[in-house]
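Enquirer: sequence and predicted structure are below.
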Amino acid sequence: MQFIETLSIRTKPRSMLDISSTAQERLTAFGAGDGLLTAFIRHTSASLTIQENADPDVQADLLDAMDRLAPAGPFYRHSVEGPDDMPAHIKTVLMQTSLAIPVLHGRLMLGTWQGLYVVEHRGRPHTREVLLHFSGTRAPQPGKPYLPSRD
């Protein structure tokens, strides 16, 4: 079985937003069993990452480090959308736009301190689209024997 759904995520400026629970809720709602969840962000100035979700200082330090690697400024040729746009594109190249996460018994197999994040690289809020694609088995229904899918 497989499902595809697009999440609409409202971001804050220059931020990391944990969407792990939202992704998990969608897996549960669709009756996912075992398989693989692929998350894909449909933008060139925002990213996805799997990162620590226990200490918010990690997120702040990562955002600061990305700003040092690709600072905003007037020295880029591409500046039509503002001084933070080209640095956002560079940060997206350095990070990821697509991630694959194993799913076992309907649960994301993230580590104890891991979360799935949308990273907003721009200096203003945006609505970002994250496509979720699950491919795998259906969760067994209570009281019924588990039979693997032939899909």
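Expert: Arrived safely, thanks for sending. Numbers count the residues shown, from 1 in each chain.

Enquirer: quick check, central residue of this protein?
Expert: Compute the mean C-alpha point of the chain, and by Cα atoms, centre = their mean the closest residue is residue 48, 4.0 Å away.

Enquirer: wait, it sits on residue 92?
Expert: No. Counting by Cβ atoms under 8 Å, residue 48 does not reach residue 92; the two are 9.6 Å apart. Quick note: C-beta positions are derived from backbone N, CA and C, even for glycine.

Enquirer: what segments of the chain are strands?
Expert: 2-10, 15-18, 32-41, 46-52, 98-104, 107-108, 114-120, 127-138 (DSSP state E).

Enquirer: give me the sheet partners of the first one and which way each runs.
Expert: Strand pairing for strand 2-10, using DSSP bridges, gives strand 127-138 (antiparallel).

Enquirer: got the CA positions of the strand it pairs with in CSV?
Expert: Provided in CSV are the C-alpha atoms of strand 127-138 (Å, rounded to 0.1, in the frame of the first residue of the first chain):
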residue,chain,number,x,y,z
THR,A,127,3.7,28.5,4.0
ARG,A,128,5.8,25.5,2.9
GLU,A,129,4.5,22.3,1.3
VAL,A,130,5.9,19.0,2.5
LEU,A,131,5.0,15.9,0.5
LEU,A,132,4.7,12.7,2.5
HIS,A,133,4.9,9.4,0.6
PHE,A,134,4.5,6.1,2.5
SER,A,135,5.1,2.8,0.8
GLY,A,136,4.7,-0.4,2.7
THR,A,137,2.2,-2.6,4.4
ARG,A,138,-1.1,-1.9,6.2
